[in-house]
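S.K.: fold the following.
(one chain, ligands or ions: 1)
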Amino acid sequence: MSTPRDDYNHVFELLQQHHKWFQECIPLIASENIPSPAVREALTSDFGNRYAEGWPGERVYAGCRFIDQVEFKCIELMKKLFKAEFVDVRPISGVVANLVVYTAFTEPGDTMMALSIPCGGHITMGKKRLGGTAGAVHGLNVEYLPLDYKELNIDVDKAKAKIEKLANEGKTPKLVMFGASVFPFPHPVKELAETIHGVGATVGYDAAHVAGLIAGGQFQDPLREGADVVSLSTHKTFFGPQHGGVLSWEKYADRIKRATFPGMVSNHHLHAVAGVTIACAELLEFGKEYASQVVRNAKALGQALYERGFNVLAEHKGFTQSHVILIDITKHGDGGTIEETLEKANIIINRNLLPWDIKEGRHFMHPGGIRLGVSEVTRLGMRESEMDEIAEFIKRVVIDKESSEKVKEDVAEFRRNYQKVHYCFENATEAYKYIRIR
Ligand SMILES: *Cc1c(COP(=O)(O)O)cnc(C)c1O
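M.R.: Numbers count the residues shown, from 1 in each chain. As a prediction, this is how the structure comes out:
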C-alpha cells in the first residue's frame, strides 16, 4: 500500500519523466506547441487562484485590480494582432469559444454547416449522433460543407448549391463554420460570404489551428474576407498556454459577452489570460518571422517525405500553406500502428482520418492517414534542413523498418541542439526544463 506521501512523490516523478522524455523527442502534433519560459512563469502566478466574473472594470468580485489591467492589455494586444473591433479573451479553450459562438448566433434546433470530422472538421462541429458539441450540447442540426478531396479544400460551387438546397427545404443554415483540424489551405470565406449572408446566416471561422499564422500575417484574414465571428485556441500555432478566445465586430459585442459570461465560464483561468497576454506581445514582435518559417518548414517537410516515397497529399499545390501536412499512409500500414511505432522512436505524431476513410470502411482508431505539424519544432529553432533530417528519421522507421530503439538514439542526439524556445524576448530556461518551486 502506498502512503499519500508516496503517491505525492510519484506524481512528481512522472512529471519529471515526461519533461525528460520531451527533451529527447521530435514533437510533431499539429495542435501542440511549446510556450516561452515567460508564458510558463505567468502560469505559475497567483492569478490562477482568483475569480474575476464579468467584464474587466465591471467585475462582481473584489481583488481584481491587477487582473483587470492584464485582461484589458490582453484585449488590446489581440485587437492589434487580428485587427479586430471586439475581442473576448475569457473562453477557456477552443471548444468553449465555439460554444460561445453557437450560443451567441444560434438557437437549439437551428441548422449549422461545417466540415465533417473525416474531412477535417472538429468534434465541436459534430452531429448529435456522434456526440459532437454542436449537436449533443447545443442541439444544432449539422449539415456538412462539401470537401474537394484532391484540393483538400471546401468545394465552392457545391457549397453554394447545398446552401440553396437547404434553404429550399426550409433548413436554412443560421451559421456556417469555416475552419478545421486539418487545415492546409485557406478556406474560401471570401467566395462564400455573400451567399451565406444572402440567406441570413452568420459567417463563423474556427481559427483554432491557424491563429498564430493569421496573427503572423501568413494565412488568410477571415475578418477582412467576410467572417462575422472567429473562435480560436491560443496554443496550437499561437504562442500561448491552453486557452481560447473570440474575435468579432463591435455590433456583436453584447451577445458574445453574454454568451461567455454568464453562459460559458465562471472563473476563466486568469493565469492563462496573463500567459496569453505575454504570447500576444511575443507574436507582435516575432510573429511574422515565426509564421513564415512555419509555412516554409511545413512545405519542406512535405517535400522531403514525398521524395522519400511517402504519399503526402496535395503535392500539386506544394502540400500545404499552413503548419500541417496530411499523409495517406495506407501503403505502409494504418495510422494507429504507425503512430505507435514512431512513438517508440520518440517521434510524436498523430493518426488521422482521411476524407474518404469512413466510406472505405476504416475506423478512427486505425485510419488511413497521419497528420504532422511543424509549429513546435519551428519554435525550437528548426529550419528547412532539419525538416529533411526529420523526414529521414520517419523513413527509417516506417519504410526501412529499422528498429525504433536505434532511431530513438539518433533522434535524441539530433534533439540535443534544440532545447531553447525561439521567437521570444527571453529564454533563460530550456524549453522542457522541469521547474521546481516547492
Ligand atoms: C483543437 C480544435 C478546437 C478545440 O480547441 P481546444 O482549445 O482544444 O478546446 C476547436 N476547433 C478546431 C478546428 C480544433 O482543431
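
S.K.: pretty sure R59 sits against A52.
M.R.: Yes: here R59 lies in contact with A52, judged by Cβ atoms under 8 Å, at a distance of 5.3 Å. To be clear about C-beta, it is placed using only N, CA and C from the backbone, and glycine gets the same treatment.

S.K.: reduced to three states, what does the residue nearest to V100 when sequence neighbours are not counted come out as?
M.R.: Spatial nearest neighbour of V100, excluding adjacent residues (Cβ to Cβ, 6 or more residues apart in numbering): A259 at 4.6 Å. Of the three states, A259 takes helix under DSSP: H, G, I helix; E, B strand; the rest coil.

S.K.: isn't A259 right up against T103?
M.R.: Yes: at 3.9 Å, A259 counts as touching T103 under the criterion of Cβ under 8 Å.

S.K.: who's more crowded, these two?
M.R.: It is A259, of A259 and T103, that has more neighbours when counted by other Cβ atoms under 10 Å, with 22 against 19.

S.K.: quick one, what contacts the more buried one?
M.R.: Under the criterion of Cβ atoms under 8 Å, 6 or more residues apart in numbering, the neighbours of A259 are L99, V100, V101, T103, A104.

S.K.: please, where are all the helices along the stretch 201-350 of the chain?
M.R.: 211-215, 222-225, 253-258, 270-307, 335-344 (DSSP state H, counting those that start in this stretch).

S.K.: got the residues of the protein near the ligand?
M.R.: Neighbours of the ligand within the chain, by Cβ under 6 Å from any ligand atom: 31, 93-95, 98, 122, 124, 179-181, 206, 208-209, 233, 244.

S.K.: let's see that with 5 Å instead.
M.R.: S93, G94, V95, H122, T124, S181, D206, A208, H209, S233 (Cβ under 5 Å from any ligand atom).

S.K.: do you know the pLDDT at the closest residue to V276 other than its chain neighbours?
M.R.: Among residues not flanking V276 along the chain, G240 sits closest, at 4.2 Å (Cβ to Cβ, 6+ apart). At G240, the predicted lDDT confidence score is 96.

S.K.: so what pLDDT did K406 get?
M.R.: At K406, pLDDT is 96.

S.K.: checking it next. Helix, strand or coil?
M.R.: Quick answer, by three-state DSSP: K406 is helix.

S.K.: which residues touch the residue of the stretch 251-400 of the chain found nearest the ligand?
M.R.: Taking Cβ to the nearest ligand atom, the ligand has its nearest neighbour within the stretch 251-400 of the chain at V324, 10.0 Å off. V324 is in contact with A30, V182, F183, P184, H209, A298, R371, L372, G373, V374, counting by Cβ under 8 Å, 6+ apart.

S.K.: returning to what we had before: if you look at the residues of the chain next to the ligand, which of them are in strands?
M.R.: Among these, DSSP state E puts D206, S233 in strands.

S.K.: let me have the residues of the chain next to the ligand in CSV, extended by pLDDT and neighbour count.
M.R.: Shown next, in CSV, are those (pLDDT from 0 to 100; neighbours: other Cβ atoms under 10 Å):
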residue, pLDDT, neighbour count
S93, 98, 20
G94, 98, 28
V95, 98, 19
H122, 98, 25
T124, 98, 26
S181, 98, 22
D206, 98, 30
A208, 98, 27
H209, 98, 29
S233, 98, 28
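
S.K.: which of the helices of the stretch 201-350 of the chain is buried the deepest?
M.R.: Greatest average neighbour count among those goes to helix 211-215 (a mean of 29), per mean count of other Cβ atoms under 10 Å.

S.K.: counting contacts, what elements does that one pack onto?
M.R.: Counting contacts by 3 or more Cβ pairs under 8 Å, 6 or more residues apart in numbering; DSSP states H and E, helix 211-215 packs against helix 65-82, helix 270-307.

S.K.: can you give the distance of that helix from its chain's centre?
M.R.: Here helix 211-215 is found 10 Å from its chain centre; the criterion is Cα atoms, centre = their mean, to the nearest Å.

S.K.: ok, residues contacting that helix?
M.R.: Counting by Cβ under 8 Å, 6+ apart, 33, 81-82, 207, 219-222, 232-234, 236-239, 245, 283, 287, 290-291, 294-295, 322-323, 375 sit against helix 211-215.

S.K.: for the ligand, what's the nearest residue on the chain?
M.R.: G94 (2.3 Å).

S.K.: show me where the stretch 51-200 of the chain has its helices.
M.R.: With DSSP H, counting those that start in this stretch as the criterion, the stretch 51-200 of the chain has helices spanning 65-82, 94-105, 156-168, 189-198.

S.K.: helices and strands around the second one, which ones?
M.R.: Helix 94-105 sits against strand 173-178, strand 202-206, strand 229-233, strand 244-248, helix 253-258, with contacts defined as 3+ Cβ pairs under 8 Å, 6+ apart.

S.K.: and E409, which of these is closest to it?
M.R.: strand 229-233 (34.2 Å; Cβ to Cβ).

S.K.: direction included, what does that closest one pair against?
M.R.: The pairing partners recorded for strand 229-233 under DSSP bridges are strand 202-206 (parallel), strand 244-248 (antiparallel).

S.K.: L15 is nearest to which of those strands?
M.R.: strand 244-248 (24.7 Å).

S.K.: hang on, the earlier thing: between R59 and A52, which contacts overlap?
M.R.: D68.
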